[in-house]
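Q: Sequence and predicted structure are below.
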Amino acid sequence: MRILVTGGAGFIGANLCRTLTTRPEVESITVLDDLSTGDLANLADVGVDVVTGSILDRELLAELTAGVTHVIHLAARPSVPRSLIDPIASHAANATGTLHVLEACRGTKPHVILASSSSVYGNCQEPYKHEDLPTRPLSPYGVSKLATETYALAYAESFGLPVLPFRFFNVYGPMQAADHAYAAVIPAFVSAALHGRPVPIYGDGNQARDFTYVGSVVSVLAEAAVRRVTSGKPVNLAFGTRVSLLHLKDTLETVLDRPIETNFLPPRAGDIRESQASSRLLLELFPGVRPVPLDEGLRLTVAWLEKAMKTNLQNGSGPGEGA
């Protein structure tokens, strides 16, 4: 297996590369990343070839996909709030960028795994978001991710490209950026708590998420690549957990063994009230997969961020921006 990972210097990509290097089936790993949100430090001491460049560079994509057997496409412009500020940039990176990746793969037909998002469901009132529900994204980010998965399935039908689109649900864990305006919920909570600041909650805190530890995600991605799993529909990559932000804060208090203050802020445009996956299709395709429990995932995340903070303090720098 010769694998190209787009966005491989980012949060999920770097965790994935570490997992792939442990698989004996993998001969080589090439990372393509423009480092707009990724960080080369995330790949320190990882045996991969790194190419700094953009998925919008069609000539570069054609060169990199020519000799690979698998493409795992994670490169994206993340964040709902960021997409509200600049919808065109989100579309260019997520929709147009994905189209360029698929077009580069059209001739040689490597196995293509892609990252979509639970944002495609919008505020659907079904308690469990299953893959047959209609999609109605509430943000430009959600629309761009719907385009990502739809293009992939269209290329499978039109050109016989073997694809597997995953819908990620609130992935968290080590190497996720914490201290910037678009930080995801868990790194923002953990960083605030470790710095002695109140955790920020937008809204009343009863909104719920299906938090998924990054180790669980990348183990599925690696297994999907090794077995060349394909699907004629997107697959939720989450395990059906429902965790309110208030419960998340309580769990983090237990992990840290101390109380945490809360800063309630106005709700944000584009935020979804409930996001909980149906994992039926995922477990059909990957029957042996088991999620890392929230408290364990939080402990691993806290340990990583504490170590990163200590290193950055010694080096006189701020936390990394791996995405």
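A: Received, thanks. Treat the numbers as computed from the prediction; the structure is a model and nothing was measured.
Q: can we go C-alpha only for contacts and neighbour counts from here?
A: Noted.
Q: mind checking the longest helix of this structure?
A: In the chain, assigned by DSSP state H, the helix with the most residues is helix 294-315.
Q: List the buried residues of that helix.
A: Within helix 294-315, the residues that count as buried by 16 or more other C-alpha atoms under 10 Å are 294, 297, 298, 299, 301, 302, 304, 305, 306, 308, 309.
Q: who does it touch, helix- and strand-wise?
A: helix 185-194, strand 212-213, helix 245-256 (3 or more C-alpha pairs under 8 Å, 6 or more residues apart in numbering; DSSP states H and E).
Q: Could you rerun that using 7 Å?
A: With contacts defined as 3 or more C-alpha pairs under 7 Å, 6 or more residues apart in numbering; DSSP states H and E, helix 294-315 has these neighbours: helix 245-256.
Q: sorry, back to before: got the angle for the longest helix of the chain vs helix 245-256?
A: Using axes from the mean of the first three to the mean of the last three C-alpha atoms, to 10 degrees, the direction of helix 294-315 lies 70 degrees away from that of helix 245-256.
Q: For helix 294-315, what is the distance to the chain centroid?
A: Offset of helix 294-315 from its chain centre (C-alpha atoms, centre = their mean, to the nearest Å): 19 Å.
Q: ok, residue 171 to residue 283 distance?
A: 18 Å (C-alpha to C-alpha, to the nearest Å).
Q: Which of those two has more residues huddled nearby?
A: Neighbour totals were compared for residue 171 and residue 283, and residue 171 leads with 21 against 17 (other C-alpha atoms under 10 Å).
Q: excluding its backbone neighbours, what's nearest that one?
A: Spatial nearest neighbour of residue 171, chain neighbours left out: residue 212 (4.7 Å); criterion: C-alpha to C-alpha, 6 or more residues apart in numbering.
Q: and the gap between the one you found and residue 299?
A: For residue 212, the distance to residue 299 - C-alpha to C-alpha - is 14 Å.
Q: again, but for residue 94
A: 32 Å.
Q: Next: residue 267.
A: For residue 267, the distance to residue 299 - C-alpha to C-alpha - is 28 Å.
Q: In contact with the residue nearest to residue 171, which residues?
A: Applying C-alpha atoms under 7 Å, 6 or more residues apart in numbering, we find residue 212 in contact with 169, 170, 171, 172, 238.
Q: again, only this time at 6 Å
A: 170, 171, 238 (C-alpha atoms under 6 Å, 6 or more residues apart in numbering).
Q: what do you get for residue 253?
A: Shown in contact with residue 253 (C-alpha under 6 Å, 6+ apart): residue 259.
Q: Let's see the pLDDT reported for it.
A: At residue 253 the predicted local confidence, pLDDT, stands at 97.
Q: Now find how far off-centre the strand or helix carrying residue 142 is within its chain.
A: In this assignment (DSSP states H and E), residue 142 forms part of helix 140-159. A distance of 16 Å separates the C-alpha centroid of helix 140-159 from that of its chain, computed with C-alpha atoms, centre = their mean.
Q: what does stretch 73-83 give?
A: Centre-to-centre, stretch 73-83 and its host chain are 9 Å apart (C-alpha atoms, centre = their mean).
Q: can you list the residues that contact that stretch?
A: Against stretch 73-83 from outside (C-alpha under 6 Å, 6+ apart): 5, 6, 7, 90, 93, 94, 114, 115, 140, 141.
Q: which is the next helix or strand following the helix or strand hosting the first one?
A: Mapping residue 5 onto the secondary structure by DSSP H and E places it in strand 2-6. Next in sequence after strand 2-6, counting helices and strands by DSSP H and E, comes helix 11-20.
Q: What residues of that following helix count as buried?
A: 11, 12, 13, 14, 15, 16, 17, 18, 19, 20.
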